[in-house]
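the amino acid sequence is not available; the structure is as follows:
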């Protein structure tokens, strides 16, 4: 059954020239999109919870729009529109980074919103009663606890995000999957290359999800 | 910017504008094409949803069986396998790797392979929801069923599953919407669904904004319709006093 697979092809020297660049890009995209997505997502969540209609409505519209369109379509849209908006080409990789930050922010904002709402209202009121401002309340009372609650979900979302980076295929950016595909084509072993890509993605995501489980046990607030 | 909506009335091979916008005879306009692309998106999504529901329900249920450690381990392995490989890579696995290893699979139409890939991918996530739903029920329900003399199968059939399936409807709603959005990944193996249509027609007609907008609206519309259907099902099957276990969860 596996007889017609040529596994001698799995050697670092053969693969490195094709795969390494893509591997680095996938990881970099994951990290940048997570950090940027959480930052922008927190802003969106605070806007939606602010109670000021002029802030709530645009944030809600943004989040709901992003969440009802497939990521591939968002990638295509941004790839089409960014050059229009800034007046020059920026390349598929940079376009992917901007798209992922903008797209993931919508998902992260929902996580942040749920996290903030998980903090009992009484704590915020207690903060106000002590004479704290909104900013102090958020910074000293709500967000530290909320982020602690959210950490496992953030990490889970990051695993999903890492898997989604493979979709930059749609705009032709050179990521890990593209690296394996190119290697497979150039070395004449496309099937083995896809298989190896799957194994690598699997091991990385499995490792990360094990890590998430451990973090979850560590950080959960005992009530 | 001027809109060029009349591009939808053009014939796809000759580029001539067809009166009435729907091609007759062998002619196909972009309007014909986008309608058929929408049909493919819905077909792939619905078939994959059926696969995902059947497999996810079975796997999710066996993961909660008492005293069957190997069955539970099999269920866990299934979930880990299909959850930890990106969907696009799974589609390539079904499309290139499996027919490469098993030559029998070479004659299977590509639509079946994509449905299997999307269905199996989603089955892992549905299995996780089903397991959570069953485990969210008070343990007393299982014991009560067994104490009444029901077999394990009967306990699941008449006591646990009817409750568990109702309380997981909200997460199932988002999974159904996800499956529709995820069907866009089928573009990579040239299934002529909406995303493939958007890429192809945007290039051919040099009117990508119009094409992308139409496709985006159809996706949003489909997601909205699914959402309403599920809300209807939820309101018809609701058990007073029970709400979803849910809480915070990531996902797309």
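Nice, I can see it. Please read these numbers as outputs of a predicted model, since none were measured by experiment.

helix or strand right after the longest helix that chain A contains?
Longest helix in chain A, counting residues (DSSP state H): helix A:12-49. Following helix A:12-49 in sequence order, the next helix or strand is helix A:53-67 (DSSP states H and E).

what angle do helix A:12-49 and that following helix make with each other?
150 degrees (axes from the mean of the first three to the mean of the last three C-alpha atoms, to 10 degrees).

show me how far helix A:53-67 is from its chain's centre.
Remark: helix A:53-67 is offset 19 Å from the chain centroid, using C-alpha atoms, centre = their mean, to the nearest Å.

one more: stretch B:136-151?
32 Å.

what residues sit buried inside it?
Using 16 or more other C-beta atoms under 10 Å in any protein chain shown as the test for burial, stretch B:136-151 gives B:137, B:142, B:145, B:150. (Glycine included, C-beta is placed from N, CA and C.)

farthest pair in these?
The distance between the two most remote of these (C-beta to C-beta) is 14.8 Å, for B:137 and B:150.

for the chain, which segments count as helices?
Unless you meant another one, I'm taking chain A. Under DSSP H, chain A gives helices at A:12-49, A:53-67, A:71-86, A:91-117, A:121-129, A:134-136, A:143-164, A:176-187, A:190-219.

please refer instead to chain B.
B:30-62, B:69-83, B:87-92, B:98-101, B:110-136, B:139-147, B:152-154, B:161-167, B:169-182, B:194-205, B:208-237.

ok, the fourth one near chain A or not?
So that's helix B:98-101. Yes: using C-beta under 8 Å from any C-beta of the partner chain, helix B:98-101 comes into contact with chain A via B:100, B:101.

so for that helix, mean pLDDT?
For helix B:98-101, mean pLDDT is 88.

what is that helix packed up against?
Helices and strands touching helix B:98-101, as assessed by 3 or more C-beta pairs under 8 Å, 6 or more residues apart in numbering or on different chains; DSSP states H and E, are absent.

would you mark the buried spots in that helix?
Across helix B:98-101, burial judged by 16+ other C-beta under 10 Å covers B:98, B:99, B:100, B:101.

which residues sit against stretch B:4-14?
Here stretch B:4-14 makes contact (C-beta atoms under 8 Å, 6 or more residues apart in numbering or on different chains) with B:16-21, B:23, B:27-34, B:201, B:204-205, B:207, B:210-211, B:214.

buried set for stretch A:92-112?
Quick answer for stretch A:92-112 (16+ other C-beta under 10 Å): A:92-93, A:95-112.

distance between that stretch and the chain's centre?
7 Å.

just stretch B:144-154 next, same as before
The answer for stretch B:144-154 is 34 Å, by C-alpha atoms, centre = their mean.

which residues sit against that stretch?
Residues outside stretch B:144-154 that contact it (C-beta under 8 Å, 6+ apart) are B:65, B:66, B:155, B:158, B:159, B:160.

what average pLDDT does it get?
Here the average pLDDT along stretch B:144-154 is 94.

same question, stretch A:202-209
Average pLDDT, stretch A:202-209: 94.

and chain B, is that stretch touching that?
Yes: judged by C-beta under 8 Å from any C-beta, stretch A:202-209 comes into contact with chain B through A:202, A:205, A:206, A:209.

returning to what we had before: pick the most buried one from the helices of chain B.
Burial of the helices of chain B is given as mean neighbour count (mean count of other C-beta atoms under 10 Å in any protein chain shown); helix B:87-92 ranks first at a mean of 26.

that one near chain A anywhere?
Yes: counting by C-beta under 8 Å from any C-beta, chain A has neighbours in helix B:87-92: B:87, B:88, B:89, B:90, B:92.
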